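> Sequence and predicted structure below; questions after.
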2 protein chains.
Amino acid sequence: MSKYVENITKQLKQASVLLQRLTTSKKNEALRAMAKAIVENKEYILAENRKDLKKAKKDNLTQSFIDRLTLNAKRIKVMSDSLRAVAKLPDPVGKIILTKVRPNKMKVQKVRVPLGVVLIIYEARPNVTSDCIGLLFKTSNIGILRGGSKAMATNIAIGDTLNSSLIKVGINFSPFFVIKKPDYSITDELFKQDKNIDLVIPRGGEALIRKVTESSKIPVIKHYKGVCHIYVDKYADLSKALKICINAKVQRPSVCNAAETILVNKKCAAKFLPQLKEKLEEKNVEIRVGHKGLKIIKNVKKAKESDWKTEYLDLIVSIKVVDNLDQAVAHINKYGSHHTDCIVTEDKKAADKFLKEVDSACCFHNLSTRFSDGYQFGLGAEIGISTDKLHARGPMGLEELTTYKWLGKGSGQIRK
Amino acid sequence: MSKYVENITKQLKQASVLLQRLTTSKKNEALRAMAKAIVENKEYILAENRKDLKKAKKDNLTQSFIDRLTLNAKRIKVMSDSLRAVAKLPDPVGKIILTKVRPNKMKVQKVRVPLGVVLIIYEARPNVTSDCIGLLFKTSNIGILRGGSKAMATNIAIGDTLNSSLIKVGINFSPFFVIKKPDYSITDELFKQDKNIDLVIPRGGEALIRKVTESSKIPVIKHYKGVCHIYVDKYADLSKALKICINAKVQRPSVCNAAETILVNKKCAAKFLPQLKEKLEEKNVEIRVGHKGLKIIKNVKKAKESDWKTEYLDLIVSIKVVDNLDQAVAHINKYGSHHTDCIVTEDKKAADKFLKEVDSACCFHNLSTRFSDGYQFGLGAEIGISTDKLHARGPMGLEELTTYKWLGKGSGQIRK
């Protein structure tokens, strides 16, 4: 093990014990101090950000890359506000999930506890640094943060600012570690620390996530992609369906909960498809249609097999006519990414069947897929969206950054 | 992919859809039919078991191996009773965990659903076949069962018996697959089916579990070992402590929740250690003591560093004198296996600190570690004990064989 990683490993063991001992009110006080410090140290953070930006421009990185990397006074204010918002959320740690008193008077309780140490791997988006530090700290988890190397100066500045603010409220240890070296060998070493790190959460594109999953010996919570569907049932209210389809596709096409495929029941296709085409074209959406749909609407592209699996993240939509609900469910379970899928129908039985049989993290009835989001669900915060089935599924808030332990309380009971 | 695995993969996709459609009462009817069939087909199962036993004896396998492999009328009755017991347990599938109505009237619900497809890898213990089939079926999970190759004829007989009984209650598909070929290449292929299999649970010794973890691309829930501790605090009721230590060590030393190490606070060591030594020796327990303890009790072995990490599963115990509660917690978190650890004390503050700071699945106060068990906790059934932190921790019952999905119910809401 390199000295660098060994040093982090040693420190985080001690820090973990001390972090568990902080009360909720102390943690909230610290979060407010962090929020204050990040605004007070704005000039320093922006100066470091300019260094990163200068290099990025020299390296001819894309405009959208540079946009995500750029900080300004407004973005720093948002980071600060987020930390303050996390301070206001209820602390899941210590929450009793279950209590049983057994016939022998033994009291058994299931109680929420931190996961321990969480490693976050992310791209060059500096706000993720402070957002994740806030969420991990609130849930008493030690954080190791490895952001994109192109944002390293900015991330170090944010980390140092937040660390210094903790000292002001009497917290003399570091509950998080911002990786300060760009070498990939450090990440590779961290991925082997399954005795010291409990969870890896990669945040970014599919390529990053696949790479982390393949390299890590530590459990990974993944969010591969969002190939989200809307199924317009034969008993759909077509005006509702139209509104939902358009919102889900165009309101923010670049995000994972935007819709990529619209499935239309053959009973309403002749009526619905022309309306849908008109509205989509008004919004400059490129339409790719399966062979049955092509008999109803003309002058659109033909969808290929690969279209059904594609997360466009763009103003493109694929459309397929299906014979019935079963075929819609089968299509979604086969081609989808188990993220978010919606049925539009006025038939409660059809809706119940869809919600039951679609194997996705979020199954919606008469709702835009764009609502699949921790804030919209009322979780107050979001560390990501999981398309895994184990541990956490769908939008992950503070509770998903915890595990549980069983407490057994007795008065000397022994097993007969 | 081999034809064999391809065939299973195809069938389980279809079976999964059909299995989700069975009601709880239908599943319970089927479980009772399975319980009946296993007793009715006793002669057939025992005849197949004799074939396995004949081979095992020819291969000179150990007596304890042969004992675990052996079925008889009594053991078959126990298997049948277990299936009937599972029929009586509440079905976690469909349980609503959380309901929120958001300001826009969107209703969000978190509801329990099956994991999907679970692969169980286990040793040559035929009862595990029917136990796991029962638990997986009750939770609407498709099961793939790969038992030890030395028990293959018996396992196939059990699987065929249970399958035939399903047809009698009108279930014309197979919700489980008993692997009928001993080739390891099949297991290796299954481990790569991360698109079709959701979870692997290995049940057996540490070597088996490590092998599965290293080979599998599918998430694994592990139970490595149980190095369980009892810490006798300075405010312990020593007669309680003595009873708990003896029970935890000797009542069934071969199981994972038996105690392996006893930590004694230095304030009560002079009084407690001689009593403990006497009682342990009465029960023929070999004692291995750290250097501080050796000053108090004589004629016992000296513990080596390796003793603190060892799961003896035998009538051997290691004993260490510690300066205080912090040292006890640090020892447990360093050397333990995060399974089950107990403090004996009359001091509530010490107990609370121990329960909070020990990083184990089960943290006990004044209780024998032997209570760490799904049945004792009132879960009604147990598929295993997890020493992982993600998804499930500690004793795993029916609920731990499920995940959740989010349902969103609306009336046409779109995102602004």
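Cool, got the structure. What you are looking at is a predicted structure, and each value in this text was computed from that prediction instead of being measured.

> Residue A:139: what's it in contact with?
Contact analysis of residue A:139 by CB atoms under 8 Å, 6 or more residues apart in numbering or on different chains lists A:91, A:92, A:93, A:114, A:115, A:398, A:401, A:402. Any C-beta I mention is one placed from the backbone N, CA and C, and that applies to glycine too.

> What about the residue nearest to it when sequence neighbours are not counted, how many residues nearby?
Nearest non-adjacent residue to residue A:139, counting by CB to CB, 6 or more residues apart in numbering or on different chains: residue A:401, 4.2 Å away. When neighbours are defined as other CB atoms under 10 Å in any protein chain shown, residue A:401 has 26 of them.

> Doesn't residue A:366 lie inside a strand?
Yes. Looking at residue A:366 with DSSP: H, G, I helix; E, B strand; the rest coil, it is inside a strand.

> which residues are contacting the helix or strand harbouring residue A:207?
Per DSSP states H and E: residue A:207 is located in helix A:206-215. Contact partners of helix A:206-215, identified using CB under 8 Å, 6+ apart, comprise A:121, A:123, A:187-188, A:191, A:200, A:202, A:220, A:222-225, A:311.

> With stretch A:90-104 instead?
Contacts for stretch A:90-104 (CB under 8 Å, 6+ apart): A:24, A:27, A:107-114, A:138-140, A:398-399, A:401-402, A:404, A:413, B:376-378.

> sorry, back to before: now the helix holding residue A:207, how far from the centre of its chain.
From the chain centre to the centre of helix A:206-215 is a distance of 15 Å (CA atoms, centre = their mean, to the nearest Å).

> Could you list the buried residues of that helix?
Using 16 or more other CB atoms under 10 Å in any protein chain shown as the test for burial, helix A:206-215 gives A:209, A:212, A:213, A:215.

> For the stretch 201-350 of chain A, just list every one of the strands.
A:228-232, A:259-265, A:286-289, A:301-302, A:316-322, A:340-344 (DSSP state E, counting those that start in this stretch).

> Report the rounded mean pLDDT for the fourth one.
pLDDT averaged over strand A:301-302 equals 98, rounded to a whole number.

> Report all helices and strands that it contacts.
In terms of contacts (3 or more CB pairs under 8 Å, 6 or more residues apart in numbering or on different chains; DSSP states H and E), strand A:301-302 is packed against strand A:286-289.

> For the strand it packs on, which outside residues touch it?
A:277, A:280-281, A:297, A:300-304, A:307, A:315-320.

> List the buried residues for it?
Buried, per 16+ other CB under 10 Å, within strand A:286-289: A:287, A:288, A:289.

> Nearest residue to the second one in space, please, no chain neighbours.
Ranked by CB to CB, 6+ apart and with sequence neighbours excluded, the top spatial neighbour of residue A:288 is residue A:303, at 4.1 Å.

> and if you look at residue A:158?
Closest to residue A:158 by CB to CB, 6+ apart is residue A:129, at 4.8 Å.

> Then residue A:15?
residue A:173 (4.8 Å).

> how much space between that neighbour and residue A:11?
8 Å (CB to CB, to the nearest Å).

> the helices in the stretch 51-200 of chain A, which residues?
Here the stretch 51-200 of chain A has its helices, by DSSP state H, counting those that start in this stretch, at A:63-69, A:73-88, A:126-138, A:152-168, A:184-191.

> Mind putting those helices into JSON lines with mean pLDDT?
Rendered in JSON lines, the data for the helices of the stretch 51-200 of chain A read as follows (pLDDT from 0 to 100):
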{"stretch": "helix A:63-69", "mean pLDDT": "91"}
{"stretch": "helix A:73-88", "mean pLDDT": "96"}
{"stretch": "helix A:126-138", "mean pLDDT": "96"}
{"stretch": "helix A:152-168", "mean pLDDT": "97"}
{"stretch": "helix A:184-191", "mean pLDDT": "94"}
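
> got TSV for those helices, with mean neighbour count and distance to residue A:35 too?
TSV is the format used below for the helices of the stretch 51-200 of chain A (neighbours: other CB atoms under 10 Å in any protein chain shown; distance: least, CB to CB, whole Å):
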stretch	mean neighbour count	distance to residue A:35
helix A:63-69	14	22
helix A:73-88	17	4
helix A:126-138	25	8
helix A:152-168	21	9
helix A:184-191	16	28
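
> Give me the residues contacting stretch A:5-24.
Outside stretch A:5-24, the residues within contact range by CB under 8 Å, 6+ apart are A:1, A:30, A:91, A:93-94, A:114, A:116-117, A:137, A:140-142, A:144, A:171, A:173-175, A:177, A:186, A:189-190, A:193, A:196, B:356-357.

> at 7 Å what do you get?
The contact list for stretch A:5-24, computed with CB atoms under 7 Å, 6 or more residues apart in numbering or on different chains, reads A:91, A:116-117, A:140, A:142, A:144, A:173-175, A:177, A:186, A:189-190, A:193, A:196, B:356-357.

> In the stretch 151-300 of chain A, where is pLDDT below threshold?
Along the stretch 151-300 of chain A, no part satisfies pLDDT under 70.

> where does it come near chain B, residue by residue?
Within the stretch 151-300 of chain A, the positions near chain B by CB under 7 Å from any CB of the partner chain are A:198, A:199, A:219, A:240, A:243, A:244, A:247, A:251.

> how about CSV for those residues, with neighbour count added?
Below are these laid out as CSV (neighbours: other CB atoms under 10 Å in any protein chain shown):
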residue, neighbour count
A:198, 22
A:199, 22
A:219, 22
A:240, 20
A:243, 17
A:244, 29
A:247, 23
A:251, 18
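
> Pick out whichever of those sits closest to residue A:327.
residue A:244 (20.0 Å; CB to CB).

> Distance of the closest one relative to residue A:394?
19 Å.

> This completes my enquiry, with thanks.
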